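**Student:** prediction below, plus the sequence it came from.
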Amino acid sequence: MSLRFIGACSLASGAVLVGVGHTPVERLRPVDALPAHICGQFREPIGFAQLSTGQYLVLDRRAHTVFSVDQARTHVERLVQVGLDKGELLQPGVLSLAANDTFAVSDAPFAQERIQIFFDSGTRRGAFMRPVRAAPRLRIGPLILSGAGSLHYTGTSVLLNEPESGALIAELDVEGKVTRRIGSLRPTGHEADRQVHLALNLGLPIGTPDDGVLFVFQTGVPLFRKYSADGRLEFERHIEGPELDGYIQTLPTSWPTRETGDGTHPLVPPIVRTAALSSEGDLWVSLMPPLTYVYDQKGNKTRTVSFNAAGVLSPTSLFFSTVSGTERILVMPGCYEFPASPQ
(Lines give C-alpha, C1' and ligand atoms only; values in the text may rest on other atoms or scores of the structure.)
Protein backbone atom coordinates (compact mmCIF):
# COMPACT_ATOMS: atom_id res chain seq x y z
CA MET A 1 0.00 0.00 0.00
CA SER A 2 1.33 3.42 -0.89
CA LEU A 3 0.93 6.37 1.46
CA ARG A 4 1.56 8.86 -1.35
CA PHE A 5 0.12 12.16 -0.24
CA ILE A 6 -2.62 13.86 -2.25
CA GLY A 7 -3.24 17.54 -1.52
CA ALA A 8 -6.51 19.30 -2.27
CA CYS A 9 -7.74 22.88 -2.22
CA SER A 10 -11.34 23.12 -3.40
CA LEU A 11 -13.59 20.08 -3.00
CA ALA A 12 -17.27 19.39 -3.62
CA SER A 13 -19.43 17.85 -0.92
CA GLY A 14 -22.03 15.15 -1.14
CA ALA A 15 -22.73 11.46 -0.84
CA VAL A 16 -23.95 9.27 -3.69
CA LEU A 17 -25.51 5.85 -3.31
CA VAL A 18 -24.18 3.21 -5.68
CA GLY A 19 -24.78 -0.49 -5.86
CA VAL A 20 -22.18 -3.14 -5.16
CA GLY A 21 -23.86 -6.52 -5.36
CA HIS A 22 -26.81 -6.32 -3.01
CA THR A 23 -25.16 -3.80 -0.68
CA PRO A 24 -25.86 -0.07 -1.10
CA VAL A 25 -22.63 1.89 -0.84
CA GLU A 26 -22.55 5.56 0.11
CA ARG A 27 -19.92 7.37 -1.89
CA LEU A 28 -18.70 10.16 0.37
CA ARG A 29 -16.90 13.17 -1.06
CA PRO A 30 -14.72 15.57 0.95
CA VAL A 31 -16.06 18.89 2.12
CA ASP A 32 -12.60 20.28 2.89
CA ALA A 33 -8.90 19.45 3.13
CA LEU A 34 -5.63 21.00 4.12
CA PRO A 35 -4.51 23.10 1.12
CA ALA A 36 -1.78 21.90 -1.20
CA HIS A 37 0.80 24.48 -0.07
CA ILE A 38 0.37 23.24 3.51
CA CYS A 39 0.40 19.55 2.58
CA GLY A 40 3.54 20.03 0.51
CA GLN A 41 5.48 20.72 3.69
CA PHE A 42 4.89 17.16 4.98
CA ARG A 43 7.07 14.26 3.88
CA GLU A 44 4.99 11.23 4.96
CA PRO A 45 1.92 12.23 6.96
CA ILE A 46 0.22 9.29 8.67
CA GLY A 47 -1.91 10.87 11.43
CA PHE A 48 -4.48 13.67 11.20
CA ALA A 49 -6.60 15.00 14.08
CA GLN A 50 -8.16 18.23 15.36
CA LEU A 51 -8.14 19.81 18.81
CA SER A 52 -11.30 21.34 20.27
CA THR A 53 -9.76 24.77 19.50
CA GLY A 54 -9.81 23.98 15.78
CA GLN A 55 -6.05 23.49 15.58
CA TYR A 56 -5.01 20.50 13.44
CA LEU A 57 -2.35 17.95 14.33
CA VAL A 58 -0.42 16.06 11.65
CA LEU A 59 2.00 13.24 12.45
CA ASP A 60 4.74 13.04 9.80
CA ARG A 61 6.45 9.68 9.98
CA ARG A 62 9.43 10.49 7.78
CA ALA A 63 10.07 13.85 9.46
CA HIS A 64 9.61 12.24 12.92
CA THR A 65 7.51 15.26 13.83
CA VAL A 66 4.05 16.30 14.99
CA PHE A 67 3.05 19.46 13.13
CA SER A 68 0.41 21.97 14.19
CA VAL A 69 -1.78 23.70 11.58
CA ASP A 70 -3.97 26.62 12.59
CA GLN A 71 -7.74 26.41 12.07
CA ALA A 72 -7.55 28.85 9.15
CA ARG A 73 -5.12 26.43 7.45
CA THR A 74 -2.55 29.14 6.75
CA HIS A 75 0.34 28.39 9.12
CA VAL A 76 2.36 25.30 10.08
CA GLU A 77 4.51 24.87 13.19
CA ARG A 78 6.58 22.01 14.58
CA LEU A 79 4.87 20.94 17.80
CA VAL A 80 6.95 17.85 18.67
CA GLN A 81 10.31 17.49 16.96
CA VAL A 82 12.68 14.70 15.93
CA GLY A 83 15.11 13.33 18.47
CA LEU A 84 16.00 10.56 20.92
CA ASP A 85 15.23 12.35 24.15
CA LYS A 86 11.95 12.36 26.02
CA GLY A 87 9.62 14.84 24.40
CA GLU A 88 11.10 14.09 20.96
CA LEU A 89 10.22 11.47 18.34
CA LEU A 90 12.03 8.82 16.35
CA GLN A 91 10.23 6.41 14.01
CA PRO A 92 6.71 7.38 15.13
CA GLY A 93 3.82 5.05 14.41
CA VAL A 94 0.49 6.34 15.77
CA LEU A 95 -1.05 9.63 16.88
CA SER A 96 -4.00 9.27 19.28
CA LEU A 97 -5.84 12.43 20.41
CA ALA A 98 -8.15 12.34 23.44
CA ALA A 99 -11.23 14.50 24.09
CA ASN A 100 -9.31 16.54 26.70
CA ASP A 101 -6.90 17.75 23.96
CA THR A 102 -3.93 15.77 25.26
CA PHE A 103 -2.46 13.30 22.79
CA ALA A 104 -0.21 10.27 22.70
CA VAL A 105 2.34 9.19 20.10
CA SER A 106 4.04 5.82 19.81
CA ASP A 107 7.58 5.70 18.47
CA ALA A 108 10.55 3.32 18.49
CA PRO A 109 13.99 4.75 19.34
CA PHE A 110 16.65 2.04 18.99
CA ALA A 111 13.82 -0.37 18.02
CA GLN A 112 12.39 -0.08 21.55
CA GLU A 113 8.68 0.71 21.70
CA ARG A 114 7.91 3.94 23.50
CA ILE A 115 4.71 5.84 24.22
CA GLN A 116 4.73 9.56 24.98
CA ILE A 117 1.86 11.78 26.09
CA PHE A 118 1.73 15.49 25.32
CA PHE A 119 -0.34 18.54 26.17
CA ASP A 120 -1.86 20.49 23.26
CA SER A 121 1.13 22.86 23.42
CA GLY A 122 3.51 19.99 22.60
CA THR A 123 4.88 19.91 26.15
CA ARG A 124 5.51 16.37 27.33
CA ARG A 125 3.12 15.08 30.00
CA GLY A 126 4.72 11.67 30.39
CA ALA A 127 6.66 8.93 28.63
CA PHE A 128 7.37 5.25 29.12
CA MET A 129 9.04 2.37 27.31
CA ARG A 130 7.40 -0.97 26.57
CA PRO A 131 9.05 -4.40 27.00
CA VAL A 132 10.45 -6.15 23.95
CA ARG A 133 7.54 -7.83 22.20
CA ALA A 134 7.19 -11.59 21.73
CA ALA A 135 4.17 -11.39 19.43
CA PRO A 136 4.22 -10.95 15.65
CA ARG A 137 4.06 -7.41 14.31
CA LEU A 138 1.27 -6.51 11.93
CA ARG A 139 2.33 -4.20 9.10
CA ILE A 140 0.40 -2.36 6.42
CA GLY A 141 2.96 -0.80 4.10
CA PRO A 142 5.48 1.03 6.29
CA LEU A 143 3.15 1.19 9.30
CA ILE A 144 3.39 -1.11 12.33
CA LEU A 145 -0.15 -1.60 13.60
CA SER A 146 0.33 -3.99 16.51
CA GLY A 147 1.97 -3.52 19.89
CA ALA A 148 2.44 0.22 20.51
CA GLY A 149 1.15 0.70 16.96
CA SER A 150 -2.29 -0.36 18.23
CA LEU A 151 -2.25 2.59 20.65
CA HIS A 152 -5.55 4.13 21.74
CA TYR A 153 -5.27 6.95 24.28
CA THR A 154 -8.39 7.83 26.29
CA GLY A 155 -7.04 10.90 28.07
CA THR A 156 -6.51 9.02 31.33
CA SER A 157 -5.19 5.64 30.17
CA VAL A 158 -3.56 3.84 27.26
CA LEU A 159 -5.04 0.78 25.54
CA LEU A 160 -2.77 -1.64 23.65
CA ASN A 161 -3.24 -4.99 21.92
CA GLU A 162 -0.89 -7.45 23.66
CA PRO A 163 -1.99 -11.03 22.91
CA GLU A 164 1.37 -12.40 24.07
CA SER A 165 0.21 -11.55 27.62
CA GLY A 166 -2.68 -14.01 27.31
CA ALA A 167 -5.27 -11.22 26.98
CA LEU A 168 -6.34 -9.18 23.98
CA ILE A 169 -5.99 -5.77 25.60
CA ALA A 170 -3.69 -4.19 28.15
CA GLU A 171 -4.80 -0.98 29.86
CA LEU A 172 -1.98 1.16 31.23
CA ASP A 173 -1.93 4.36 33.26
CA VAL A 174 -0.08 7.41 31.94
CA GLU A 175 3.12 6.23 33.65
CA GLY A 176 3.06 2.90 31.82
CA LYS A 177 1.87 0.65 34.65
CA VAL A 178 -0.54 -2.09 33.54
CA THR A 179 -3.76 -1.57 35.51
CA ARG A 180 -5.76 -4.43 34.00
CA ARG A 181 -5.99 -6.87 31.11
CA ILE A 182 -9.19 -7.33 29.16
CA GLY A 183 -10.55 -10.06 26.89
CA SER A 184 -9.51 -13.64 26.25
CA LEU A 185 -7.84 -14.63 23.01
CA ARG A 186 -10.22 -16.04 20.44
CA PRO A 187 -9.87 -19.69 19.40
CA THR A 188 -8.09 -19.97 16.06
CA GLY A 189 -7.50 -23.69 15.50
CA HIS A 190 -3.77 -22.88 15.54
CA GLU A 191 -3.16 -22.93 19.27
CA ALA A 192 -0.33 -25.45 18.76
CA ASP A 193 1.55 -22.83 16.70
CA ARG A 194 1.91 -19.95 19.14
CA GLN A 195 3.11 -17.42 16.58
CA VAL A 196 0.17 -18.03 14.23
CA HIS A 197 -2.28 -18.10 17.13
CA LEU A 198 -1.02 -14.71 18.33
CA ALA A 199 -1.00 -13.30 14.80
CA LEU A 200 -4.69 -14.17 14.45
CA ASN A 201 -5.43 -12.24 17.64
CA LEU A 202 -3.96 -8.92 16.49
CA GLY A 203 -6.23 -5.92 16.35
CA LEU A 204 -7.28 -2.48 17.55
CA PRO A 205 -8.67 -1.57 20.99
CA ILE A 206 -10.94 1.49 21.10
CA GLY A 207 -12.25 3.12 24.27
CA THR A 208 -16.00 3.82 24.39
CA PRO A 209 -17.93 6.66 26.12
CA ASP A 210 -19.32 4.23 28.73
CA ASP A 211 -15.74 3.33 29.78
CA GLY A 212 -15.95 0.04 27.92
CA VAL A 213 -13.66 -1.15 25.12
CA LEU A 214 -14.27 -2.26 21.55
CA PHE A 215 -11.75 -4.62 20.02
CA VAL A 216 -11.54 -5.02 16.23
CA PHE A 217 -9.61 -8.06 14.98
CA GLN A 218 -7.47 -7.13 11.98
CA THR A 219 -6.45 -10.63 10.87
CA GLY A 220 -8.21 -13.94 10.33
CA VAL A 221 -12.01 -14.10 10.31
CA PRO A 222 -13.01 -10.41 10.63
CA LEU A 223 -15.03 -9.59 13.75
CA PHE A 224 -15.19 -7.24 16.71
CA ARG A 225 -16.08 -7.49 20.38
CA LYS A 226 -17.55 -5.07 22.91
CA TYR A 227 -16.37 -5.25 26.53
CA SER A 228 -18.10 -3.45 29.40
CA ALA A 229 -16.39 -1.09 31.86
CA ASP A 230 -15.76 -4.03 34.21
CA GLY A 231 -14.16 -6.09 31.42
CA ARG A 232 -17.13 -8.36 30.75
CA LEU A 233 -17.80 -9.44 27.15
CA GLU A 234 -21.09 -7.85 26.06
CA PHE A 235 -21.25 -9.11 22.47
CA GLU A 236 -19.26 -10.31 19.48
CA ARG A 237 -20.16 -9.47 15.87
CA HIS A 238 -18.78 -10.78 12.61
CA ILE A 239 -17.74 -8.19 10.03
CA GLU A 240 -19.58 -9.41 6.95
CA GLY A 241 -20.54 -8.20 3.50
CA PRO A 242 -20.40 -9.32 -0.13
CA GLU A 243 -17.09 -7.49 -0.52
CA LEU A 244 -15.51 -9.89 2.02
CA ASP A 245 -17.10 -13.16 0.92
CA GLY A 246 -14.18 -14.17 -1.28
CA TYR A 247 -11.65 -13.34 1.43
CA ILE A 248 -13.44 -15.34 4.10
CA GLN A 249 -14.01 -18.34 1.80
CA THR A 250 -10.32 -18.52 0.87
CA LEU A 251 -8.69 -18.00 4.28
CA PRO A 252 -5.45 -20.02 4.30
CA THR A 253 -4.66 -22.74 6.81
CA SER A 254 -0.90 -22.14 6.78
CA TRP A 255 1.28 -19.08 6.34
CA PRO A 256 4.86 -18.48 5.20
CA THR A 257 7.29 -16.94 7.68
CA ARG A 258 9.65 -14.00 7.41
CA GLU A 259 12.78 -13.12 9.34
CA THR A 260 12.54 -9.67 10.91
CA GLY A 261 14.63 -7.67 13.33
CA ASP A 262 12.68 -9.14 16.25
CA GLY A 263 12.50 -12.78 15.15
CA THR A 264 10.79 -15.05 12.65
CA HIS A 265 7.08 -14.39 12.28
CA PRO A 266 4.26 -15.75 10.10
CA LEU A 267 3.07 -13.47 7.29
CA VAL A 268 -0.61 -13.17 8.17
CA PRO A 269 -2.23 -10.47 6.02
CA PRO A 270 -4.70 -8.03 7.60
CA ILE A 271 -8.26 -7.49 6.39
CA VAL A 272 -8.88 -4.36 8.52
CA ARG A 273 -6.77 -1.23 8.00
CA THR A 274 -8.06 0.93 10.83
CA ALA A 275 -11.13 1.65 12.94
CA ALA A 276 -12.53 4.56 14.95
CA LEU A 277 -15.58 5.56 16.96
CA SER A 278 -17.84 8.48 16.01
CA SER A 279 -19.25 10.95 18.53
CA GLU A 280 -22.56 9.08 18.26
CA GLY A 281 -20.85 5.85 19.28
CA ASP A 282 -20.87 4.25 15.83
CA LEU A 283 -17.91 2.04 14.94
CA TRP A 284 -16.32 2.73 11.53
CA VAL A 285 -14.13 -0.12 10.21
CA SER A 286 -11.89 0.56 7.21
CA LEU A 287 -11.20 -2.63 5.24
CA MET A 288 -8.41 -3.67 2.90
CA PRO A 289 -10.93 -3.49 0.04
CA PRO A 290 -11.53 0.27 -0.31
CA LEU A 291 -14.74 0.26 1.74
CA THR A 292 -15.70 1.14 5.31
CA TYR A 293 -18.44 -0.60 7.28
CA VAL A 294 -20.35 1.31 9.97
CA TYR A 295 -21.90 -0.39 13.02
CA ASP A 296 -24.24 1.08 15.64
CA GLN A 297 -23.80 0.73 19.40
CA LYS A 298 -25.59 -2.63 19.40
CA GLY A 299 -23.24 -4.03 16.78
CA ASN A 300 -25.63 -3.84 13.81
CA LYS A 301 -24.18 -2.82 10.45
CA THR A 302 -25.97 0.32 9.28
CA ARG A 303 -23.90 1.68 6.42
CA THR A 304 -21.26 0.81 3.83
CA VAL A 305 -19.13 3.81 2.85
CA SER A 306 -16.66 4.57 0.10
CA PHE A 307 -14.37 7.59 0.52
CA ASN A 308 -13.80 9.35 -2.80
CA ALA A 309 -11.53 12.35 -3.37
CA ALA A 310 -8.98 12.29 -6.17
CA GLY A 311 -10.01 8.66 -6.70
CA VAL A 312 -11.12 6.08 -4.14
CA LEU A 313 -9.34 6.29 -0.78
CA SER A 314 -8.43 3.42 1.52
CA PRO A 315 -8.28 5.14 4.93
CA THR A 316 -5.32 4.33 7.15
CA SER A 317 -6.36 6.88 9.79
CA LEU A 318 -9.82 8.10 10.87
CA PHE A 319 -10.59 10.86 13.38
CA PHE A 320 -14.02 12.33 14.16
CA SER A 321 -14.29 16.07 14.81
CA THR A 322 -17.27 18.28 15.68
CA VAL A 323 -15.38 21.59 15.70
CA SER A 324 -17.19 22.80 12.57
CA GLY A 325 -20.60 22.29 14.24
CA THR A 326 -21.34 19.14 12.24
CA GLU A 327 -19.37 15.95 12.60
CA ARG A 328 -16.58 15.47 10.10
CA ILE A 329 -14.17 12.60 9.54
CA LEU A 330 -10.52 13.53 9.18
CA VAL A 331 -8.97 10.96 6.86
CA MET A 332 -5.48 9.87 5.89
CA PRO A 333 -4.03 9.63 3.32
CA GLY A 334 -4.71 13.11 1.99
CA CYS A 335 -5.62 15.25 5.04
CA TYR A 336 -9.24 15.31 3.88
CA GLU A 337 -12.40 16.14 5.82
CA PHE A 338 -15.51 14.11 4.96
CA PRO A 339 -19.07 14.47 6.25
CA ALA A 340 -19.96 11.78 8.78
CA SER A 341 -23.69 11.91 7.97
CA PRO A 342 -25.27 11.29 4.56
CA GLN A 343 -25.61 14.52 2.58
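**Tutor:** Nice, thanks for sending it over. Numbering: from 1, shown residues only.

**Student:** longest strand in the protein, please.
**Tutor:** strand 301-309 (DSSP state E).

**Student:** for it, which positions count as buried?
**Tutor:** 301, 303-309 (16 or more other Cβ atoms under 10 Å). From N, CA and C alone the C-beta is placed, and that goes for glycine too.

**Student:** from memory Pro339 sits against Val31, does it?
**Tutor:** Yes: counting by Cβ atoms under 8 Å, Pro339 touches Val31, with 5.6 Å between them.

**Student:** what's the span of stretch 249-258 from first residue to last?
**Tutor:** Using Cα to Cα, to the nearest Å, the end-to-end distance of stretch 249-258 comes out at 25 Å.

**Student:** just use 839 as the starting number from now, easier for me
**Tutor:** Okay, using 839 as the starting number, the last item reads as stretch 1087-1096.

**Student:** if you count neighbours, what's buried in that stretch?
**Tutor:** Buried, per 16+ other Cβ under 10 Å, within stretch 1087-1096: Trp1093.

**Student:** what residues does that stretch touch?
**Tutor:** With contacts defined as Cβ atoms under 8 Å, 6 or more residues apart in numbering, stretch 1087-1096 is touched by 1033-1034, 1037, 1058-1059, 1102-1106.

**Student:** quick check: PyMOL command selecting the buried ones in these.
**Tutor:** Buried subset of the contacts of stretch 1087-1096, written as a PyMOL selection, criterion 16+ other Cβ under 10 Å:
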select buried, resi 1033+1034+1037+1058+1059+1103+1104+1106
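
**Student:** can you tell me which of the contacts of stretch 1087-1096 are in helices?
**Tutor:** Counting by DSSP state H, the part of those found in helices is 1033-1034, 1037.

**Student:** Gly1014: which of the residues you listed is nearest?
**Tutor:** Lowest distance from Gly1014 to the ones in helices among the contacts of stretch 1087-1096 (Cβ to Cβ) belongs to Ala1037, with 25.0 Å.

**Student:** point out where the stretch 939-1088 of the chain drops to low pLDDT.
**Tutor:** Along the stretch 939-1088 of the chain, segments meeting pLDDT under 70 span 970-985.

**Student:** please enumerate the helices of it.
**Tutor:** Secondary structure of the stretch 939-1088 of the chain, counting by DSSP state H, counting those that start in this stretch: helices at 1032-1037, 1083-1087.

**Student:** so which elements touch the longest one?
**Tutor:** Going back to what we said before, that points to helix 1032-1037. Helix 1032-1037 sits against strand 1101-1104, with contacts defined as 3 or more Cβ pairs under 8 Å, 6 or more residues apart in numbering; DSSP states H and E.

**Student:** let me know the average pLDDT across stretch 876-888.
**Tutor:** With pLDDT averaged residue by residue, stretch 876-888 scores 96.

**Student:** ugh, wrong one, stretch 1120-1135
**Tutor:** Stretch 1120-1135 comes out at a mean pLDDT of 97.

**Student:** okay, strands next: where are they in the stretch 839-988 of the chain?
**Tutor:** With DSSP state E, counting those that start in this stretch as the criterion, the stretch 839-988 of the chain has strands at 852-858, 861-867, 870-871, 883-888, 894-898, 903-907, 914-918, 932-935, 941-945, 952-956, 962-967, 977-978, 981-982, 985-991.

**Student:** what's the burial count for Val1132?
**Tutor:** Residues lying near Val1132 (other Cβ atoms under 10 Å) number 17.

**Student:** what of Ile1167?
**Tutor:** 24.

**Student:** just list whatever residues bridge to it.
**Tutor:** In this entry, Ile1167 is beta-bridged to Phe1158, Phe1176, by DSSP bridges.

**Student:** need the phi and psi values for Gly878.
**Tutor:** phi -60, psi -10 (degrees, to the nearest 10).

**Student:** one step back: contacting residues around the longest strand of the chain?
**Tutor:** Strand 1139-1147 is contacted from outside by 844, 846, 849, 856, 858, 861-868, 871, 1078-1079, 1081, 1120, 1122, 1128-1134, 1150-1153, 1169, 1172, 1174, 1176, using Cβ under 8 Å, 6+ apart.

**Student:** can you list the contacts of stretch 1087-1096 in a markdown table and add distance to Gly993?
**Tutor:** Shown next, in a markdown table, are the contacts of stretch 1087-1096 (distance: Cβ to Cβ, whole Å):
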| residue | distance to Gly993 |
| --- | --- |
| Gln1033 | 34 |
| Val1034 | 35 |
| Ala1037 | 30 |
| Gly1058 | 31 |
| Val1059 | 32 |
| Thr1102 | 38 |
| His1103 | 33 |
| Pro1104 | 35 |
| Leu1105 | 36 |
| Val1106 | 32 |
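
**Student:** widest-spaced pair of the contacts of stretch 1087-1096?
**Tutor:** Farthest pair in those, by Cβ to Cβ: Val1059 and Thr1102, 24.3 Å.

**Student:** apart from its chain neighbours, what residue comes closest to Phe966?
**Tutor:** Excluding the flanking residues, the one nearest Phe966 by Cβ to Cβ, 6 or more residues apart in numbering is Gly1014, at 2.9 Å.
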